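Asker: have a look at this fold, sequence not included:
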């Protein structure tokens, strides 16, 4: 199982911008499932929106991107690479996510190469589909983080 | 729809050019401004449409529509 410490070590982002809490399933080169608990104490809640906190859609995309980075890094056995989001294709939001929700982030590799990847991703809660679509990723060479 | 037409349809959808307008010998990168990720997207769509698996090393050959058609033919004919 992938521990929280490993997640923090692999991802180049730092808290509070690490949007993956736990990896619950991983199949090398094929798929990964991660969880993100959305809480009302996160900084977005006071601003987006004050009367009705909604988890920003861009954060959902980022959570999927971080989950994909974990899949790519762990599959390539080179956790030093910086995987960056290159594009979204046919990506749709279906329902808002709120504080109290746990996002289940399912990412399945369509094509995973040494330095590029295409994945299909679905973000959902236990009872709602939040977003889904196809995303492309590439390794940034000589990245400075 | 034959193999070549199907490849053309897939490529046109991804590069955002109509079937009537696309130059089969125009370079995806130099003439159409595509990057390597779009090329990978084309490769994945071709694999899905034809039920084949293309070696990612061949990605560098997929520089024009005609090259993609040639590569797809090679894999689909090898499959038969």
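Answerer: Sure, I can see it. If you're wondering where the values come from, they're calculated on a predicted model, not measured in any experiment.

Asker: list the helices and strands the helix or strand encompassing residue A:85 packs on?
Answerer: With elements taken from DSSP states H and E, the one containing residue A:85 is strand A:82-93. On a contact count with 3 or more Cβ pairs under 8 Å, 6 or more residues apart in numbering or on different chains; DSSP states H and E, strand A:82-93 meets helix A:57-76, strand A:129-140, helix B:36-50. The C-beta positions use only the backbone N, C-alpha and C, and glycine is treated the same way.

Asker: which of the ones you listed sits closest to residue A:45?
Answerer: helix A:57-76 (11.4 Å; Cβ to Cβ).

Asker: most centrally placed residue in chain B?
Answerer: To find the centre residue of chain B, average its C-alpha atoms and take the closest one (Cα atoms, centre = their mean): that gives residue B:68, at 3.8 Å.

Asker: surely that one is in a helix?
Answerer: Yes: remark: residue B:68 belongs to a helix, assigned using DSSP: H, G, I helix; E, B strand; the rest coil.

Asker: that one contacts residue B:11, correct?
Answerer: Yes: assessed by Cβ atoms under 8 Å, residue B:68 is found in contact with residue B:11 at 5.9 Å.

Asker: contact partners for the residue lying farthest from the centre of chain A?
Answerer: Distance from the centre of chain A peaks at residue A:51, with 26.6 Å (Cα atoms, centre = their mean). Listed by Cβ atoms under 8 Å, 6 or more residues apart in numbering or on different chains, the contact set of residue A:51 is empty.

Asker: that one and residue A:45, how far apart?
Answerer: 11 Å (Cβ to Cβ, to the nearest Å).

Asker: kindly report the same for residue B:8.
Answerer: In terms of Cβ to Cβ, residue B:8 sits 49 Å off from residue A:45.

Asker: tell me the bridge partners for the nearest residue to residue A:90 once chain neighbours are set aside.
Answerer: Counting by Cβ to Cβ, 6 or more residues apart in numbering or on different chains, residue A:133 is the residue found nearest to residue A:90 once chain neighbours are left out, at 5.2 Å. Beta-bridge partners for residue A:133, by DSSP bridges, are residue A:121.

Asker: quick revisit: now the strand holding residue A:85: buried residues?
Answerer: A:82-83, A:85-86, A:91 (16 or more other Cβ atoms under 10 Å in any protein chain shown).

Asker: in its sheet, what does that strand sit against?
Answerer: strand A:129-140 (antiparallel).

Asker: buried residues, the strand it pairs with. List them.
Answerer: By 16+ other Cβ under 10 Å, the buried positions in strand A:129-140 come out as A:130-139.

Asker: tilt between it and helix A:57-76?
Answerer: Here the directions of strand A:129-140 and helix A:57-76 differ by 50 degrees (axes from the mean of the first three to the mean of the last three Cα atoms, to 10 degrees).

Asker: for strand A:129-140, the distance to its chain's centre please.
Answerer: 8 Å (Cα atoms, centre = their mean, to the nearest Å).

Asker: quick one: contacts for residue A:139?
Answerer: A:81-84, A:114-116.

Asker: quick check: residue A:140 touching residue A:86?
Answerer: No: if you go by Cβ under 8 Å, residue A:140 and residue A:86 don't touch, sitting 9.9 Å apart.

Asker: what helix or strand is residue 6 on?
Answerer: In the absence of a named chain, chain A is used. Assigned by DSSP H and E, residue A:6 falls in helix A:4-10.

Asker: my bad, chain B
Answerer: If you go by DSSP H and E, residue B:6 is part of helix B:3-15.

Asker: this completes my enquiry, with thanks.
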